[in-house]
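Engineer: Sharing a model prediction with you, sequence too.
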Amino acid sequence: MTWYAHVTVATIVYKENKFLLVYEDADGEKVYNQPAGHLEPEETLIDAAIRETLEETRWQVEPRAYLGISHYTSPANGVTYMRNSFIANPIKEITDYPLDKDIIKPVWLTYDEILERKDQLRSPIVLNDIQRFLDGESYPLDIIYTHGE
């Protein structure tokens, strides 16, 4: 068996003291998460973050900073994730855009509302990313080098 880490992206979208999250069905469990997903072939990390946010929330976003990378192994399935998190500005909601099949609905929640749902977060990375954002952690997007561009 070949082991490999799953490369994923996630996006922190913050507007009017609220965070854009998704309420989703993850293997039969209803959980909250940032818009997030896997990097696809021939895609940059930034493009993946833009795509996943649109597919899961109907929001077009403009990434403005890199929050960082989180290394996490899920105790539920043993999968290791290398999660690249971005900070993005909301640009426009496309209300008729079809949501990914596992997304129940996108939601805007305050920090306190997220804390109230702490036991319903998909992983500890969700709250960790929010806390890092609130602490002011961020890096310029050009910290990510894409070979060939």
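Structural biologist: Perfect, thanks for sending it. Numbers count the residues shown, from 1 in each chain.
Engineer: and Pro106, what element?
Structural biologist: Assigned by DSSP states H and E, Pro106 belongs to strand 103-109.
Engineer: so what does that strand touch, helix or strand wise?
Structural biologist: strand 18-26, strand 29-33, helix 45-57 (3 or more C-beta pairs under 8 Å, 6 or more residues apart in numbering; DSSP states H and E). Just so you know, the C-beta spots here come from the backbone N, C-alpha and C atoms, and that holds for glycine as well.
Engineer: Also compute the angle for that strand relative to strand 18-26, please.
Structural biologist: 160 degrees (axes from the mean of the first three to the mean of the last three C-alpha atoms, to 10 degrees).
Engineer: looking only at pLDDT, what's the mean for the helix or strand harbouring Ile91?
Structural biologist: Per DSSP H and E, Ile91 falls inside strand 80-93. Mean per-residue pLDDT for strand 80-93: 98.
Engineer: and what of stretch 139-149?
Structural biologist: For stretch 139-149, mean pLDDT rounds to 89.
Engineer: and it, C-alpha only, in PDB?
Structural biologist: The C-alpha trace of stretch 139-149 is given here as PDB (Å, rounded to 0.1, in the frame of the first residue of the first chain):
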ATOM      1  CA  TYR A 139       1.400  35.800   4.700                       C
ATOM      2  CA  PRO A 140       1.500  37.400   1.200                       C
ATOM      3  CA  LEU A 141       0.100  35.200  -1.500                       C
ATOM      4  CA  ASP A 142       3.500  35.300  -3.300                       C
ATOM      5  CA  ILE A 143       5.000  33.100  -0.600                       C
ATOM      6  CA  ILE A 144       3.500  30.300  -2.700                       C
ATOM      7  CA  TYR A 145       5.700  29.600  -5.700                       C
ATOM      8  CA  THR A 146       4.100  27.800  -8.600                       C
ATOM      9  CA  HIS A 147       6.800  26.400 -11.000                       C
ATOM     10  CA  GLY A 148       6.200  27.300 -14.600                       C
ATOM     11  CA  GLU A 149       4.200  30.500 -13.900                       C
END
